[in-house]
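Engineer: Give me a model of this one.
(chains A and B, ligands or ions: 2)
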Amino acid sequence: MSEQTPSTPPRTAATVSRRRFLQASAAAGGGLLIGVALRGREHVAMAATRAEAGFSPNAFIRIDRAGDVTLIMHKVEMGQGTYTAMPMLIAEELEVDLDKVRLEHAPANDDLYAEPLFGVQETGGSTSVRGNFDLLREAGASARAMLVAAAANGWDVDPTTCHATHGEVVHAASGRRARYGDLVDAAARLPIPDDVVLKQPAQFRLIGTPVARLDGPEKVNGSATFGIDVRPPGLVFAAVCACPVFGGTLGSLDDRRAQAIPGVRQVVRLADAVAVIGEHTWAAQQGLAALDLRWQEGPNARLTTADIFAALTAASTRSGVTARNDGDATGILARSNRKLEAVYEQPFLAHAPMEPVNCTVHVRSDGCDVWVGTQVPTFARTAVANATGLPAERVRIHNHLLGGGFGRRLEIDFIARAAAIAAQVPAPVQVLWSREEDVRQDMYRPAYVDRIAAALDEHDRPAAWSHRIAGSSVVARVGRDLMPKTFKVLRAAGLSGLVSMIRGVDIDAVDGATDLPYDIPNLRVEWVREEPPGIPTAFWRGVGPTRNAFVVESFIDELAAAARQDPVDYRRALLASAPRARAVLDTAARASGWGTPVPRGRGRGVALLRGFGGTHIAQVAEVEVGTDGAVRVQRVVCAVDCGLVINPDLVKAQMEGGIVFGISAVLYGEITLKNGRVEQGNFSDYPILRIDQSPRIEVHLVPSTAPPGGVGEPGTSVIMPAVTNAIFAATGKRIRRLPVKDQLRPV
Amino acid sequence: MITLEINGSAREFAVSPDMPLLWLLRDLARLTGTKFGCGIGLCGACTVHANGEPIRACITPVSAVAGRKLTTIEAVGGTPTGQAVQQAWLELGVVQCGYCQSGQIMSAAALLARNPQPADADIDAAMAGNLCRCGTYDRIRAAIKRAAVRAGSR
Ligand code: FES
Ligand code: FES
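Structural biologist: Ligands and ions are numbered 1, 2, ... in the order given. Now for the predicted structure:
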């Protein structure tokens, strides 16, 4: 996909829509250009008061003289279907066929393409559809209204007697028709309508239908270009190795054997890493293997996972910052004689996207080009500017398809390293990490220890609930190292977010713990920050809610078991004030045959979550535990209410994928350290689920007209406790430490 | 100098015989549809066909495939099973990020070429070496069955 920015800035500050900001102008080379100023939902009012201060659109819709529509988009495609869902929103209101809409990557620019929910240009946190649903539809509707007005003017008829369909304006009374392509120049001279009426859901012709992915064809014939596939002229290839101990540096290096290998061009030294440049990747890899390397291992040289968990466990006994405190949970728990307590442990996890991280950079004295698949193009630009000493405006980011993101490509470490290497290489260089490097130099989903307790009332329901979460703050690191400290970012955080930050609560770390769907009158949630020495931590698919769903949904299951009640019935009785949660729970239970007998060695487990901007999801997993303790997930039934659905097939695909991703983690996923080094390195010791281990998955969409919620992550969050609860049902063994691995092996 | 027949045309490369086929394809022949995922035969992202048999290009030295007809994802659509598989993949919306899918399609096409009516266990056995981090397995199973029906009815 090429990238292009509108070459002339929109010239008119046209009439501003009452609810949003749109702007129309002539496109360079002819045609109609609609600029859309994406704003956070919470901040529309604030933005509206600033209307006169100037208008800067941050997404563009261009309709050219051929009638083709281009959406210049600030989102990247990493498998989630954004490149299909976003064009659907525009095509719906613009009344064009979906195959008329093309998509281009936006260049890196926070001012133009900021994600409205975050204030920076990023793709993550399941925000794509959530943040842009109304805006893109309004943009499409406004363009349609202008095209209709242009046609009506030309025919000298009342615009209300015309309608738009399939890229044409039609005047039914006279039978006249005009193609959009022939109307764009006239439309570009018209003011943008002051207000437009959006379709009601009953009128949707595309939204809600399972249209095929627009990125399908290029991904089945090998022509899709991921970051790893770019081949600019003169390209050379780098293999890289960083100090295997976090925080260590390069010691001595003898590269004579490497330099002798045919095809090796150069050896590049960085403070904490070394790279070999070759005519092809094979030469570079051989060269790297031939280096005689010594590292200065630094202060973490003796670090082990056990040390980290000891520190986390100790932290979980300290009182922390209060994230929520309803009623008097502490007092009731202290007085209760019907009390349950548990400690849950979750490991470090690597992202391991199928495309190992890589970045291609060409540094010249006057500027630099960067070819990469990134979720955060503006952070990438800053990182490259810092690494090369070039001004940010001289850094051009060419964004590409992502061979999986899952949070890994929200980070810029690999981009900064590639730029530092490229700064020493007189040619464009592709810096590709080996899989081992990708696993050992990842930024990890942090390990956590959660301490949780509940006091039961006379009906065995939780009268009080206390949950203390101890671990690393990803938010704090991202805030410190990556986020620009601009007003826009602070505004996007929202008032409650800012207050939490000031009080020292990590709003991600407690997400999914503080807003339970269950009626629990006395609820206390505390956060204790405990950073692992040296180990970089990062967001991972499902973020905070994934860790908290495991704890909360396991513990609810423990309460149900203590009460000798059915896990679905027990939850259901606590959902009086959460009808959407109850509906997904009921749907999953019904569809899975909950309550019907299962063969020996099998069990069903359920889990429920409300999160990711209003998505409600329940899953029932059916597992089989072999006599050798091996766990196989046979079947998963997922019921999800994610608000209004743009494309049901994409939602189902996200659920299926999220479930498989979560099963890999719950059964096998674990990064451990010994002597300061990550012990895993490839799919042999960091396994991910294979097709022969993968369950049958059924996804039920619970119809809803609520605003769209996130779909990329909730599938992953809920499957982990659903599986461990199913293991409990099958074996009576409660899994409180992930992964399951060989915990069920008979001793 | 080594001569390889790739997607129907013979090409010469000045490389050492132990160079893995993957890097020749991607870096020298510039056929980037074949992907790198693990480098040690564990993920299947690099699957190509040698005389119709699926092989892992990352662990196959170029010397081992001299004289054999190589087919990559860029040309597999020209074979009947490859075409049927690609079509079924589109109809069932298999791809997500898409990165593993070249390898998945090559393995599936090879399976159908030698076993036109694979049972579930055959599919599991043939596809267990192809990892998908996006978790598209359930659709891969269904798409292989659909492709089998289509290829069979031809
Ligand atoms: S790259 Fe060849 S099997 Fe993974
Ligand atoms: S589609 Fe992303 S790895 Fe398979």
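
Engineer: and A:Ala323, how many residues sit next to it?
Structural biologist: 23 (other CB atoms under 10 Å in any protein chain shown). For the C-beta atoms, the positions are set from N, CA and C on the backbone; glycine is no exception.

Engineer: hang on, A:Val245 packs against A:Gly676?
Structural biologist: Yes - if you go by CB atoms under 8 Å, A:Val245 and A:Gly676 touch, sitting 3.8 Å apart.

Engineer: Can you check which residues contact both of those two?
Structural biologist: Taking CB atoms under 8 Å, 6 or more residues apart in numbering or on different chains as the criterion, A:Val245 and A:Gly676 both touch A:297-298, A:300-301, A:303, A:534.

Engineer: average pLDDT across stretch B:115-134?
Structural biologist: Mean per-residue pLDDT for stretch B:115-134: 97.

Engineer: for stretch A:619-631, same thing?
Structural biologist: 97.

Engineer: Ok, stretch A:584-604 next?
Structural biologist: 97.

Engineer: Same check on stretch A:340-354?
Structural biologist: For stretch A:340-354, the mean pLDDT works out to 98.

Engineer: quick check, distance from it to the centre of its chain.
Structural biologist: 18 Å (CA atoms, centre = their mean, to the nearest Å).

Engineer: can you give me the end-to-end distance of it?
Structural biologist: Start-to-end span of stretch A:340-354 (CA to CA, to the nearest Å) is 42 Å.

Engineer: Next, count neighbours for the residue in chain B positioned nearest to chain A.
Structural biologist: Residue nearest to chain A within chain B (CB to the nearest CB): B:Gly33, separated by 2.2 Å. By the criterion of other CB under 10 Å, B:Gly33 has 26 neighbours.

Engineer: can I assume it is in contact with B:Thr72?
Structural biologist: Yes - B:Gly33 is within contact range of B:Thr72, at 6.0 Å (criterion: CB under 8 Å).

Engineer: Mutual contacts of the two, please.
Structural biologist: Common neighbours of B:Gly33 and B:Thr72, using CB under 8 Å, 6+ apart, are A:222, B:102.

Engineer: low-confidence ranges in the stretch 501-650 of chain A?
Structural biologist: Judged by pLDDT under 70, the stretch 501-650 of chain A has its weakly predicted residues at A:501.

Engineer: Got the domain ranges for the chain?
Structural biologist: As the question left the chain open, I've gone with chain A. If you go by automatic domain parsing, the domain ranges for chain A are A:23-213, A:227-298+A:357-432, A:307-348+A:446-731.

Engineer: wait, chain B
Structural biologist: B:2-75, B:76-152.

Engineer: give me the low-pLDDT residue ranges for the chain?
Structural biologist: Unless you meant another one, I'm taking chain A. Looking at chain A by pLDDT under 70, you get A:1-21, A:28, A:37-59, A:73-80, A:105-132, A:483-499, A:501.

Engineer: Hmm, no, I was thinking of chain B.
Structural biologist: Across chain B, the ranges flagged by pLDDT under 70 are B:152-154.

Engineer: in the biggest helix by length in chain A, what's buried?
Structural biologist: Determined from DSSP state H, the single longest helix within chain A is helix A:128-155. Residues A:128-152, A:155 are the ones in helix A:128-155 that count as buried (16 or more other CB atoms under 10 Å in any protein chain shown).

Engineer: just to confirm, which helix or strand has the residue in the stretch 101-250 of chain A that ligand 2 sits nearest to in it?
Structural biologist: Here the stretch 101-250 of chain A gets closest to ligand 2 at one residue, A:Lys219, 7.8 Å apart by CB to the nearest ligand atom. According to DSSP states H and E, A:Lys219 maps onto helix A:216-220.

Engineer: quick one: is that helix near chain B?
Structural biologist: Yes - judged by CB under 8 Å from any CB of the partner chain, helix A:216-220 comes into contact with chain B at A:216-220.

Engineer: Can you name the element that comes right after that helix?
Structural biologist: strand A:236-242.

Engineer: sorry, back to before: my guess is the residue of the stretch 101-250 of chain A closest to ligand 2 meets B:Gln101, correct?
Structural biologist: Yes - A:Lys219 lies in contact with B:Gln101 (CB under 8 Å); the separation is 5.5 Å.
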